[in-house]
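Trainee: the amino acid sequence is not available; the structure is as follows:
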């Protein structure tokens, strides 16, 4: 049986729910306020939370946001209210609530909802990383506002971004409470009709259009004209350009035009560097809460190293790095060395693009620009001055004079 936390400021409701759930064999914890629920959650992770929206100190939505932002939303949460609006229910689901119960709550509906929530409470099922709730940068704030606006319409939406963007996390913010969210996969080619029925009234998400086989593309083409009749919101993602999808992957122009009636760009992780420490802490907290890793926490230096990384594979890479660092650290604190050990090496510096405008300069200035770029490129390779003299074919005394004249000071030592 499960441990269930009931959070409600009305004593009668707390007692009634406690009695019903205890009779079913569950262990029930009670909290009469958000503050009490916060303390209870700090002591132990319940298997399920029944959370009232209207409370005197902090409302349930704010508490849900707090848990999501701190990485503590690692259990299914069912919201309860007697007078919540549709907008409130949508917001709660976007943040991470699993379902919504309207008061007064019928016993059979309560038990059915609890059973469904507990059935899906395996760590892999209910742990949901929520970058939209965690990010505070202007980039994420703007993205959050646009997704909230797009959630009000049923138009097909194409999300564009870099590989590893984990677009499904953003697509989930568009589905409405109590409605299905279906991530399409092989069923696109095997059982597209069943997939359409499964997603009826909700969201059907199609990841990376460029990876779809010809059979999956045909299944998607079958679904598109029927989606509106079934009230299915189509949300897809691609990291490819329009021309690539059509010319290299054989995508039908008409199908692609239908899927991209609305287009939204997902920001790369490097564009929200200030959010990376909070995102990493949230991911680590979830890994610890679900017992994937032992208790761990990041040092300040480790978080700084994560913030300065360029993340070419975006959120997917951040997740892998946090997990690897947590599993590989020998101490409870994950230090900067633990992070650097698992971070992918930075790509070698690219030579500066000299051709643009170079031929329009006088010969002296053009030669100086080339020489500066030449030596900057080789100095970035961390070679010694002796080795640099060999590469450039200059005597070392001449090399030092040349670097000084170009304003390049290295401080490198002889081998």
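Mentor: Looks like it came in fine. Bear in mind that the values here come from a model prediction, so they are computed numbers and not experimental data.

Trainee: end-to-end on stretch 286-301?
Mentor: 21 Å (C-alpha to C-alpha, to the nearest Å).

Trainee: one more: stretch 302-315?
Mentor: 17 Å.

Trainee: contacts for that stretch, please.
Mentor: 129, 131, 161-166, 169, 268-270, 273-274, 276-277, 279-281, 298, 317-318, 321, 325, 334-336, 338-340, 343-344, 346-347 (C-beta atoms under 8 Å, 6 or more residues apart in numbering). For the C-beta atoms, the positions are set from N, CA and C on the backbone; glycine is no exception.

Trainee: hmm, 7 Å instead?
Mentor: Residues outside stretch 302-315 that contact it (C-beta atoms under 7 Å, 6 or more residues apart in numbering): 131, 162-166, 268-270, 273, 276-277, 280, 317-318, 334-336, 338-340, 343.

Trainee: buried set for that stretch?
Mentor: Neighbour-count burial for stretch 302-315 flags 302-303, 305-306, 309, 311, 313-315 (criterion: 16 or more other C-beta atoms under 10 Å).

Trainee: got it, and stretch 223-241?
Mentor: Counting neighbours by 16+ other C-beta under 10 Å, stretch 223-241 gives 223-224, 227, 232-240 as buried.

Trainee: quick one: end-to-end distance for it.
Mentor: Note: stretch 223-241 ends 23 Å apart using C-alpha to C-alpha.

Trainee: what about it, average pLDDT?
Mentor: For stretch 223-241, the mean pLDDT works out to 93.

Trainee: please state the offset of that stretch from the chain centre?
Mentor: 21 Å (C-alpha atoms, centre = their mean, to the nearest Å).

Trainee: that older thread, just the buried subset of the contacts of stretch 302-315, please.
Mentor: So, by 16+ other C-beta under 10 Å, the buried ones in the contacts of stretch 302-315 are 131, 162, 164-166, 268-269, 273, 276-277, 280, 317-318, 334-336, 338-339, 343.

Trainee: where does the prediction get shaky in this structure?
Mentor: 71, 84-86, 90, 120-128, 177-178, 346-360, 381-383, 409-415 (pLDDT under 70).

Trainee: what does the domain assignment say about it?
Mentor: Each domain of the chain is listed here as a residue range: 3-126, 143-265, 269-342, 355-405, per automatic domain parsing.

Trainee: tell me which stretches of the stretch 301-415 of the chain form helices.
Mentor: 314-328, 336-342, 355-358, 363-379, 385-392, 396-405 (DSSP state H, counting those that start in this stretch).

Trainee: quick one, which of those gets closest to residue 285.
Mentor: For residue 285, the closest of the helices of the stretch 301-415 of the chain is helix 314-328, at 10.1 Å, according to C-beta to C-beta.

Trainee: mind putting the domains of the chain in a markdown table, distance to residue 137 included?
Mentor: A markdown table is the format used below for the domains of the chain (distance: least, C-beta to C-beta, whole Å):
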| stretch | distance to residue 137 |
| --- | --- |
| domain 3-126 | 14 |
| domain 143-265 | 9 |
| domain 269-342 | 4 |
| domain 355-405 | 29 |
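
Trainee: just give the number of residues close to the closest residue to residue 265 other than its chain neighbours.
Mentor: Among residues not flanking residue 265 along the chain, residue 160 sits closest, at 5.1 Å (C-beta to C-beta, 6 or more residues apart in numbering). The number of residues packed near residue 160 is 18, by other C-beta atoms under 10 Å.

Trainee: dihedrals phi and psi, residue 160?
Mentor: Per-residue torsions, residue 160: phi -110, psi 140 (degrees, to the nearest 10).

Trainee: can you start the count at 16 instead of 1 from here on
Mentor: In the new count, where the first residue is 16, that last one comes out as residue 175.

Trainee: relative to residue 402, how far out is it?
Mentor: Distance, residue 175 to residue 402, by C-beta to C-beta, to the nearest Å: 44 Å.

Trainee: ok, back up a step: and the buried residues of stretch 238-256, which is closest to residue 423?
Mentor: Looking across the buried residues of stretch 238-256 and measuring by C-beta to C-beta, the closest to residue 423 is residue 254, at 38.1 Å.

Trainee: would you agree residue 88 is in contact with residue 111?
Mentor: Yes. Between residue 88 and residue 111 there is a contact under C-beta atoms under 7 Å: 4.9 Å.

Trainee: so for the two, which residue has more residues nearby?
Mentor: Legend: neighbour count by other C-beta under 10 Å for residue 88 and residue 111, higher for residue 88 (28 against 22).

Trainee: how close does that one sit to residue 69?
Mentor: Residue 88 is 20 Å from residue 69, by C-beta to C-beta.

Trainee: what do you get for residue 194?
Mentor: 24 Å.

Trainee: picking up where we left off before, relative to residue 262, which of the helices of the stretch 316-430 of the chain is closest?
Mentor: Taking the helices of the stretch 316-430 of the chain one by one with C-beta to C-beta, helix 329-343 is closest: 25.2 Å.

Trainee: next one: that closest one to chain centre, how far?
Mentor: 13 Å.

Trainee: for that helix, which positions count as buried?
Mentor: So for helix 329-343, counting by 16+ other C-beta under 10 Å, buried means 329-330, 332-334, 336-341.

Trainee: reformat the helices of the stretch 316-430 of the chain as a markdown table; add distance to residue 128.
Mentor: Formatted as a markdown table, the helices of the stretch 316-430 of the chain follow (distance: least, C-beta to C-beta, whole Å):
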| stretch | distance to residue 128 |
| --- | --- |
| helix 329-343 | 30 |
| helix 351-357 | 41 |
| helix 370-373 | 63 |
| helix 378-394 | 63 |
| helix 400-407 | 69 |
| helix 411-420 | 72 |
